[in-house]
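Asker: Below are the sequence and a predicted model; questions follow.
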Amino acid sequence: MSTIRDPAYITNAGRTMMTTGGEVTYTKAVLYGQDISGLSDSQIKALISLGNPLREVKIGVSDKQSSDSGSTVILEAVFQNNDLKADLQYKAVGFFARKNDVEQLVIVAVANSGAYLAATNPDGVATDALDLKIAVKIGDATSVTAVVDPAGSVTPATLNGAINKATHDLTAKIDTKADKTDVTAQFATKADKTTVEQELTTKANASDVYTKKQVDDALSSRDTAIATKADKATVDAEISKIDFTPYAKTADVNKQIKTVTDLANSKVSADYSYSKAELDKKLLAVTTDTSGKVNATQVASMIADKADTSTVNAQIADVKNTIKSNVDNLQSAINTKANASDVYTKKQVDDALSSRDTAIATKADKATVDAEISKIDFTPYAKTADVNKQIKTVTDLANSKVSADYSYSKAELDKKLLAVTTDTSGKVNATQVASMIADKADTSTVNAQIADVKNTIKSNVDNLQSAINTKANASDVYTKKQVGDAFSNRDNSISNLINRVKQIDGETVIGNAVDVNTLEGTPNQVTVYKLSNTSNTNTPSWIGDHRGVMIVLNYDGNAKTQIWTPVGSGAFNKDGSFGWRYWEGENPPDWNRLASVSYVDNLHNDLQNQINANDKGTITTGYDWNTGTPTNESRALQNAWVVDQAALKGAVDRMNSINSNANGRLSLDGGNMNLRSMINWTGGDIDAKTGNLGGLHWSGGTDTASIYGDQNNNDNLDLAFDLGDDSSNHFSFRNNGSEVAAIYSNGHFSGTVDWSNVSGHPDVATHADVNNAIDSIRYAPQERRSLGADDDANNIIDDGVYRISGNPIKNGNGKTWCFLRVKRWDYNTIYQELDCGFNGIFIRNISQTNNFYPGWQRIATSDDISNLQNIINQQNQTIQSLTTRLTNAENEIKYIKDNYIEGKRFPASQEAQAEAWENEKPTRLAMIEK
């Protein structure tokens, strides 16, 4: 995924500048540390500046196009990490332009979370970069858009895949090169110019290989573009680049063999001149007579092993010149070689490349290229080793011969000897002999001079060998061409891979305070916002904590739904804490509350209580039958008959008549007794035990209730309240129909006793006093009460401090040697804290009412935060380093593309066409097959 969010935003000032006509100059791009990810589109477009600038570069215009629908300008800015000591995290990028000498912020791009530029190496050389391209399309006076090119940044995984593929292809090319062992074996048998030159051919020319720094730069600056897949034309081009230097054409070999043969033919045969034995036999020891004459034969023998001084000097000078020429040529050849310390060996480059992963598997592999190479007909060529072997055989044969001027021919020697004057006795004059040998060099002198020349040659060869040993073998390094070819085969694969990755609108974390009305998400997607600031605004009004997670369902950019899920204390609200709202357009409505079942039940009960309290009317509770006057009171209408008082008039008259008739008797239906009237029952004498004297009796089902006088002892009369059948009956004391006290059949009393009105009452406390005393004991901190493995943290709900030592408790955090602190607000809100010293502090809120027992949450320490920040910084450094290295690769790859050699083979019959094709471009090389 790109490090920059798409699309970019044209600011209001930028839109005005671009659409009002006139010349606009794009000036600079700036990386900023200010986080604007939480701003709305309109807020971003209204920006005129950003805070915390981090790095500034010039803007380049890489392309400009015009069409009927408008013009498009491709802006490019490359931020490198050169001399960057620490990772540079950035949040936004701003593009500036100038018009009429006024520079303004015209484009703002928001960085994705975690975007940063990695720190560079200690040498300060750029290894990472952000290459940002933005296409600005200007349609009419109101239409301006900006699109971020995702190829502007490359992920490390993509780069590693490209490098691994390069490793594979470069290894395939190395396998076709000359083996160092074979070359070394040939070199060991040589000590002359030819041998040294053959050894030098195995060395890599400095112009043909990358130095370590160049390879480092190439690897560190790999671009997002990797070449397209290899097709037949590409493979043919690769085959045309094969280095045929290890081979010699048959025609060239034949030409060399002919040269050596001609050299051998120029030598004389053994019978061309006298051998030493023949000459010694021919020339006898010289003896002189008294006149100083010597025998001519003896003189010839004396000068046989002498050489003319001029000849020897000329030969020595020729040898020295030859040596100097050879040494100069060898030194020149050595100077074109790359020092071993300046290039990577195959192993070093392979190791560097093999550290990358994710190979791009869509390219032509080594087997395919090898198959094409295997089709090449090498029969017109002979291997250099075979040619050298043949040349050596012929050279050895030639070296066994002597040149014509090495010795006197028989005719020359005879002629020279005849030049000596002899007398009749065959003697020659000693003076003449001395004159003849005066310009001859002594053999020992010549040998010494030759030995000196040989030593000089050996010293020079040793020096050359030492110089050669410092050079990198061709088999141990990649040539520039090889590395360039490998990289140029991968221009598009990484960008293709990036194009397959689609942006996923995941969780957006906003730490700053934000107006949630402005968070509308992304059209046609579900966006999740994590809002961690307690000062957020326009959150649900019934929750005091303004933090939470908000889900936005943006149907089409117009229709939007927000769902609010709270955190903190508001999340435990049993009346319902979730909120939702839906709107179309730009004006969000108030939040709707999702009520809980308990909230609805409580609301129902509250409404019922209000109904009960207000459901009252005037009820006739009494009636004066004599005057027809009712007694009314206001009370609940439940369980009451409502009767029209007018309907009672006839009944009243009738009742009055009946009442008049019944005044003298007690009706079975009851009635009003006269004031102070009594019902009397009289028992026996003072000592009588009459028992029940009469009273009132009620029965219902199997139960009975009686009130009667009981004369049960001498001079004793009890008023008995008798409840029959079972213990379920009791005496009920009621207030307006509601029981306020009771005496049960077992004698127990239920009700309130006002002890202050009871004479002789004991010293007692009220319920409140007792409850307060009990609570003071119940909620007193239980300091350091020990807990064991059988204790359950879910059941420790009383205030106090508890000690956990030997074994962890159930539903704890699995640790020992901790203190458990408990503080209970009520049974629905119980706070628990586990303090485990260096193992950390853990907290949770439980609810026994709702059977809610969440897991423990560890409180982060400053060390935890520092460690996390260090990890983030390290990851940022790695990502920024890779990003810069990828950006720098663009120029290197462009250079390689612009300067690679294009080769093509032509048959011998098309030499003119080959020359014309080659002359079309300076980078073309035509090869003629003969």
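Answerer: The structure has been received and is ready for your questions.
Asker: drop to CA atoms for contacts and neighbour counts, all remaining ones
Answerer: Fine.
Asker: Tell me how this structure divides into domains.
Answerer: With domains defined by automatic domain parsing, the chain comprises 1-153+866-899, 161-493, 507-595, 616-662, 691-757, 771-849.
Asker: Lowest average pLDDT across those domains?
Answerer: For those, mean pLDDT drops lowest on domain 161-493, to a mean of 59.
Asker: State the number of residues packed around residue 103.
Answerer: Other residues within reach of residue 103 by the criterion other C-alpha atoms under 10 Å amount to 15.
Asker: Distance check, it against residue 21.
Answerer: Here residue 103 is placed at a distance of 16 Å from residue 21 (C-alpha to C-alpha, to the nearest Å).
Asker: Residue 670 too?
Answerer: For residue 670, the distance to residue 21 - C-alpha to C-alpha - is 110 Å.
Asker: same check, this time on residue 91
Answerer: Taken as C-alpha to C-alpha, the span from residue 91 to residue 21 is 32 Å.
Asker: Compare those two and say which one has the larger neighbour count.
Answerer: A side-by-side neighbour count of residue 91 and residue 21, using other C-alpha under 10 Å, places residue 91 first with 22 against 10.
Asker: list the contacts for that one?
Answerer: By C-alpha atoms under 8 Å, 6 or more residues apart in numbering, the residues touching residue 91 are 31, 32, 33, 34, 35, 36, 37, 110, 111, 112, 113, 115.
Asker: May I see the PyMOL selection of the buried members of the residues you listed?
Answerer: One line in PyMOL is enough to select the buried ones among the contacts of residue 91; burial here means 16 or more other C-alpha atoms under 10 Å:
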select buried, resi 31+32+33+34+35+36+37+110+111+112+113+115
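Asker: Which member of the contacts of residue 91 is positioned nearest residue 617?
Answerer: residue 37 (64.7 Å; C-alpha to C-alpha).
Asker: Now do the SS call for that closest one.
Answerer: coil (DSSP: H, G, I helix; E, B strand; the rest coil).
Asker: before we move on, what about residue 113?
Answerer: Assigned with three-state DSSP, residue 113 falls in the coil class.
Asker: any idea how far it is from residue 746?
Answerer: 78 Å.
Asker: now do residue 687
Answerer: With C-alpha to C-alpha as the criterion, residue 687 and residue 746 are 30 Å apart.
Asker: what's the answer for residue 65, then?
Answerer: For residue 65 relative to residue 746 (C-alpha to C-alpha), the value is 106 Å.
Asker: same deal with residue 87?
Answerer: Counting by C-alpha to C-alpha - residue 87 and residue 746 are separated by 87 Å.
Asker: These two: which has the busier surroundings?
Answerer: Neighbour totals were compared for residue 87 and residue 746, and residue 87 leads with 22 against 11 (other C-alpha under 10 Å).
Asker: ok, now which ones touch that one?
Answerer: 116, 117, 118, 119, 873, 874, 876, 877, 880.
Asker: Format these as TSV; extra columns: neighbour count, distance to residue 580 and secondary structure.
Answerer: Shown next, in TSV, are the contacts of residue 87 (neighbours: other C-alpha atoms under 10 Å; distance: C-alpha to C-alpha, whole Å; DSSP: H, G, I helix; E, B strand; the rest coil):
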residue	neighbour count	distance to residue 580	secondary structure
116	27	37	strand
117	27	40	strand
118	33	42	coil
119	28	45	coil
873	19	38	helix
874	16	41	helix
876	22	38	helix
877	23	42	helix
880	29	41	helix
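Asker: Could you export the residues you listed as JSON lines, including distance to residue 565?
Answerer: Output for the contacts of residue 87, formatted as JSON lines (distance: C-alpha to C-alpha, whole Å):
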{"residue": "116", "distance to residue 565": "32"}
{"residue": "117", "distance to residue 565": "36"}
{"residue": "118", "distance to residue 565": "37"}
{"residue": "119", "distance to residue 565": "40"}
{"residue": "873", "distance to residue 565": "32"}
{"residue": "874", "distance to residue 565": "34"}
{"residue": "876", "distance to residue 565": "32"}
{"residue": "877", "distance to residue 565": "36"}
{"residue": "880", "distance to residue 565": "36"}
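Asker: Closest one of these to residue 710?
Answerer: Closest to residue 710, out of all of the contacts of residue 87 and judged by C-alpha to C-alpha, is residue 873, at 99.6 Å.
Asker: As a check, name the ranges of all strands in the stretch 601-750 of the chain.
Answerer: Counting by DSSP state E, counting those that start in this stretch, the stretch 601-750 of the chain has strands at residues 616-624, 629-636, 691-700, 703-713, 716-724, 730-735, 738-744, 749-750.
Asker: So which elements touch the fifth one?
Answerer: Spelled out, that is strand 716-724. Strand 716-724 sits against strand 703-713, with contacts defined as 3 or more C-alpha pairs under 8 Å, 6 or more residues apart in numbering; DSSP states H and E.
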